[in-house]
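Chemist: Return atomic coordinates for the entry below.
(2 chains, ligands or ions: 3)
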Amino acid sequence: MTFIEELVALLGPERVRHHPLDLIVFSKDAGVTSGKVIAAVLPEHTQEVAAIVRIARRHDTPIVPRGAGTGLAGGAVPVEPGLIVVLTRLNEIHEVDEVGRTAWVGPGVINLDLSRSLEPVGLHFAPDPSSQQACTIGGNVATNAGGPHCLADGTTIAHVLAAELVTADGSVVVVGSEAPDLPGLDLRAVVVGSEGTLGIITKVLVRLTENAPDVATLLIGFPTIEAAAGTVSGIIASGLIPAALEIMDQPMVVAVENFVHAGYPTDAGAVLLAEVTGTREGVKSGVAVISAIASRNDATEVRVATDSAERAILWKGRKSAFGAVAQAAPDYYLHDTVVPRTALVEVLRKIYEIGDRYDLHMLNVFHAGDGNLHPLVAFDARKPGMLERVQAAATEMVEVSIEAGGSLSGEHGIGLEKRHLMHLVFSDVDLDAQARVREAFDDAGMMNPSKILPEGSRCFDASGVRL
Amino acid sequence: MSWVTEHPPARVDLDACVTCGLCLPVCPTFRLTGDETASPRGRLAAISAVDAGVLGIDERFSDVIGFCLQCRACETACPSLVPFGDIIERATAEVVAQMPSTVSRVRRFAATTGVGTPWIMRGGSILLGIAQRLRLAGALERLGIPASGLRRIPIPLPTARGGSWGASDAPTAMLFVGCVADVWFAEIHQATIEVLLAAGYRVESPKAQTCCGALAAHDGLTDNAERMSAANSSAFASADLIVVNVAGCGSHLKADPELGSRVRDITEVVADAISDGRLETLPANGTSVAIQDPCHLEHGQGIVDAPRAVVAAAGYEVVDADRDGLCCGAAGTYLIDYPETSTELGERKAAAVRAGGTKIVASANVGCEMQLRRFLDDSYDIAHPVEFYARARRGK
Ligand SMILES: Cc1cc2nc3c(=O)[nH]c(=O)nc-3n(C[C@H](O)[C@H](O)[C@H](O)COP(=O)(O)OP(=O)(O)OC[C@H]3O[C@@H](n4cnc5c(N)ncnc54)[C@H](O)[C@@H]3O)c2cc1C
Ligand code: SF4
Ligand code: SF4
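Modeler: Ligands and ions are numbered 1, 2, ... in the order given. Below is the predicted model:
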């Protein structure tokens, strides 16, 4: 039987897609590059995933796991012609332990659905990427996703206790456990953030977080982005740890306000969205501290939202920022770097300079609290030479961040789009070590090949190993 | 050759999609299937590929487009403001032009001749009315005719078409009566006229008006839709205010270049009259009403608060039937081609209403009302928001 015939025998024709239309639709995620798809399959449980992997292995076909396809680094895009394994149908919340505050969930469960379903018991899943209404828990684990509230709560790695994984040989393994500290190597930490290169995640044991008794969200307008960044430094220096600190520059605020109509000040040079959570008293004093620091930094407007409807609309503005960019141009390139908070203002200035030099339309939105920058370039990819210009600027922006003591990716992962920059932060020996870990899980190199690690990472390239 | 019609999907509109995926979770067909090709972003990718000449129009494309409910929830969710409703209508028209056999004959008849020809509409309605009296609704359901969603059809048949009511010196509100609404939902028109009169309007219902054409446009039958639009343009030529009480019709008419700016939903008109004191706020009656948000009111016209204001002013406590919920699956003639999906979504909506516990439901769209009636038992009282207001006024 051919590859497709075997898949159809397993799943039936409806769940095996290879019509040209399907190949096009599944060739892309939310990033800018597209790849080559041989077929896309929609399994419904772990055993089907394992069977699919065994078939693909027999036919020597690379596999690319896919969640909701909101990834921005091309992680779910097959570089070499491959099989897309779509995990959206593994979307069951298997069991919730309200007392122990954990839950076993399918990788296809949508992040926000999980938190919504837990509302009645006063719990939520803390990582809240801006894409949380759409992205899957499996995708979050695979990219170690962060979000505005990870400032206080930590990224996905801090909220995953264990994961069930189908590895390249088709076997089902569980890494991590319900016990907080397991003897031996912590493989869980290796799997979180592995972007589908170590196996397909088919179940996740997540840690749940208690909902805060009280919350306040502040929207603060500033004349300049420096004033906003200065406020963030001031808040951190005061010892207060807000739940979130997000900055948007003026072009971004204008685009966002055009969509949400939340009353964002479009004339401000920048806005800071800050959130404090805790007891009633704690929230009250947090709001007072932030307001005072903001006015010392020339804030033009401080709005405090305490009811959930107003808070929701303010957050909706922030969380739709990337999508709203298209009002400016059909394509966008979203950067994702981390710099030490002390270097924030300096790096931002350099980033604006680079944008100007390459004559690019830039909008800025970022997790200011942890120095995670997201400069966004809106452009039209059909203009000749444009994509190259955008990519050249991107490389410079990453270099500037790293020079300032930062890192390559704050949260979106390396995937395809930043793979060539890995050598900026890792030596050959480091990369070789990472390639060896990968080989230990996947000797045939068939799990999301050509992702994360740059070509030739393995110093002593074993023959037949696809990297 | 990729497109053949005069107004294919526009490149600038397609380009507005940045493929962020934020529309995926609100899309009913994606929620049911987890399938990118059944999502707004997937549909746009397919349409873009045709536009770029790398994909042809065939059965698969036709199915991907046809499976869309045109509920436009994706439009509300899209931060990039992609005009999805318009794009999908144009793509559907292309499919029909290039593959005429894809719209089933039944669906084509229902969306054009059926709703656009008064004698067929009325003749069919008498038969339905008789069937109801013979308790044959269940049997018709099994034949694929959603008869259990109907209110009892009065015989002789009513019509509000051609009437005029109220003092001649008052500002005139022209009533759009619709095709099925005119014969099947006469009480809604009665309530509408009553409340408009109370708000100080004269009401007139032009005789020459016809079906709004929404069903035809959704099914890609552009020519029929345009003929209906032309007829309505001349029937309503002298109108300053055109009042519509069926959200599906209103949403379509508001997009009409001739009529659009003069069209308002009845809930908007009544909510305004309540807020400026032309209509009174009635005392609280201690009963709650669950508001269902029709897609063509919320996503098509951006109206969420008005039906709540109307029902609240009638003295009811307002609760949400299924806020942020998915389309109920009625979607015009959708259930003719995709009965299973339509049923699955109808069941989901009904389950959400049941879970809410409120037995009185307000829906501003007759299509949704019929769908709710099909999946909820007779103990539920389902009516239009303006009917709740009219009832409360009568009872005061
Ligand atoms: C508007 C917008 C805002 C965003 N904001 C943030 C943000 O604030 N923080 C952030 O961290 N990210 C953000 N992202 C990026 C993206 O949403 C996250 O990376 C998310 O975790 C991806 O989830 P997904 O389900 O869409 O995964 P996909 O895009 O489908 O896949 C992402 C990667 O995970 C792998 N993968 C997916 N599922 C599995 C599985 N079950 N097993 C193994 N591998 C798997 C894929 O192979 C791929 O490498 C944003 C994206 C958008 C479009
Ligand atoms: S939300 Fe809008 S921009 Fe984003 S994928 Fe959907 S249609 Fe495209
Ligand atoms: S109109 Fe409704 S069914 Fe169609 S793509 Fe948009 S959300 Fe999905």
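
Chemist: Tell me the secondary structure of residue 174, please.
Modeler: Reading this off chain A. Assigned with DSSP: H, G, I helix; E, B strand; the rest coil, A:V174 falls in the strand class.

Chemist: I was thinking of chain B, sorry if that wasn't clear
Modeler: Three-state assignment for B:M174 (three-state DSSP): strand.

Chemist: ok, it touching B:V243?
Modeler: Yes: with contact defined as Cβ atoms under 8 Å, B:M174 reaches B:V243; the gap is 6.8 Å. Yep, even glycine has a C-beta here, placed from its N, CA and C like the rest.

Chemist: Relative to A:V173, how far out is A:A321?
Modeler: As judged by Cβ to Cβ, to the nearest Å, A:A321 and A:V173 stand 38 Å apart.

Chemist: Who has more neighbours out of these two?
Modeler: A:A321 (24 against 13; other Cβ atoms under 10 Å in any protein chain shown).

Chemist: measure that one to chain B for me?
Modeler: As defined by Cβ to the nearest Cβ, to the nearest Å, A:A321 lies at a distance of 8 Å from chain B.

Chemist: element containing the nearest residue to that residue once chain neighbours are set aside, please.
Modeler: Excluding its sequence neighbours, the residue lying closest to A:A321 (Cβ to Cβ, 6 or more residues apart in numbering or on different chains) is A:V365, at 4.5 Å. Using DSSP states H and E, A:V365 sits within strand A:361-367.

Chemist: Off-centre distance for that strand?
Modeler: 16 Å (Cα atoms, centre = their mean, to the nearest Å).

Chemist: what comes up buried for it?
Modeler: By 16 or more other Cβ atoms under 10 Å in any protein chain shown, the buried positions in strand A:361-367 come out as A:M362, A:L363, A:N364, A:V365, A:F366, A:H367.

Chemist: Pipe those into CSV and attach pLDDT and distance to B:E141 per row.
Modeler: Putting the buried residues of strand A:361-367 into CSV (pLDDT from 0 to 100; distance: Cβ to Cβ, whole Å) gives the following:
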residue, pLDDT, distance to B:E141
A:M362, 86, 58
A:L363, 88, 53
A:N364, 87, 57
A:V365, 87, 52
A:F366, 85, 56
A:H367, 87, 54
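
Chemist: between those, which is closest to A:V85?
Modeler: Within the buried residues of strand A:361-367, proximity to A:V85 (Cβ to Cβ) peaks at A:H367, which comes in at 30.7 Å.

Chemist: Confirm A:R303 sits in a helix?
Modeler: No: A:R303 is assigned strand when assessed by three-state DSSP, not a helix.

Chemist: Using the three-state scheme, assign A:A39.
Modeler: A:A39 - assigned by three-state DSSP - is strand.

Chemist: which residues sit in contact with the nearest residue to it once chain neighbours are set aside?
Modeler: Leaving aside its chain neighbours, A:A39 sits nearest to A:H18 (4.3 Å; criterion: Cβ to Cβ, 6+ apart). Counting by Cβ atoms under 8 Å, 6 or more residues apart in numbering or on different chains, A:H18 makes contact with A:I4, A:I38, A:A39, A:A40.

Chemist: circling back to that earlier point, for the residue nearest to A:A321, which residues make a bridge with it?
Modeler: Judged by DSSP bridges, the bridge partners of A:V365 are A:M248, A:H374.

Chemist: Now that it has come up, it's in contact with A:M248, right?
Modeler: Yes: contact criterion Cβ under 8 Å: A:V365 and A:M248 qualify, at 4.7 Å.

Chemist: who touches the closest residue to ligand 2 within the stretch 351-467 of chain A in this structure?
Modeler: The minimum distance from the stretch 351-467 of chain A to ligand 2, using Cβ to the nearest ligand atom, falls at A:A378 (12.7 Å). Neighbouring residues of A:A378 by Cβ under 8 Å, 6+ apart: A:V325, A:A326, A:A328, A:A329, A:D331, A:Y332, A:H361, A:M362, A:L363.

Chemist: Give me the mean pLDDT for the helix or strand encompassing it.
Modeler: Counting by DSSP H and E, the element that carries A:A378 is strand A:372-379. The pLDDT scores in strand A:372-379 average 84.

Chemist: Is ligand 1 within reach of that strand?
Modeler: No: Strand A:372-379 is not in contact with ligand 1 by Cβ under 6 Å from any ligand atom; minimum separation 8.1 Å.

Chemist: May I have that strand exported as CSV, CA atoms only?
Modeler: Extracted in CSV, the C-alpha atoms of strand A:372-379 (Å, rounded to 0.1, in the frame of the first residue of the first chain):
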residue,chain,number,x,y,z
ASN,A,372,10.3,40.8,26.2
LEU,A,373,10.2,43.0,23.2
HIS,A,374,7.9,42.5,20.2
PRO,A,375,8.8,45.1,17.5
LEU,A,376,6.5,44.5,14.6
VAL,A,377,7.1,45.4,11.0
ALA,A,378,4.1,45.8,8.8
PHE,A,379,5.0,45.3,5.1
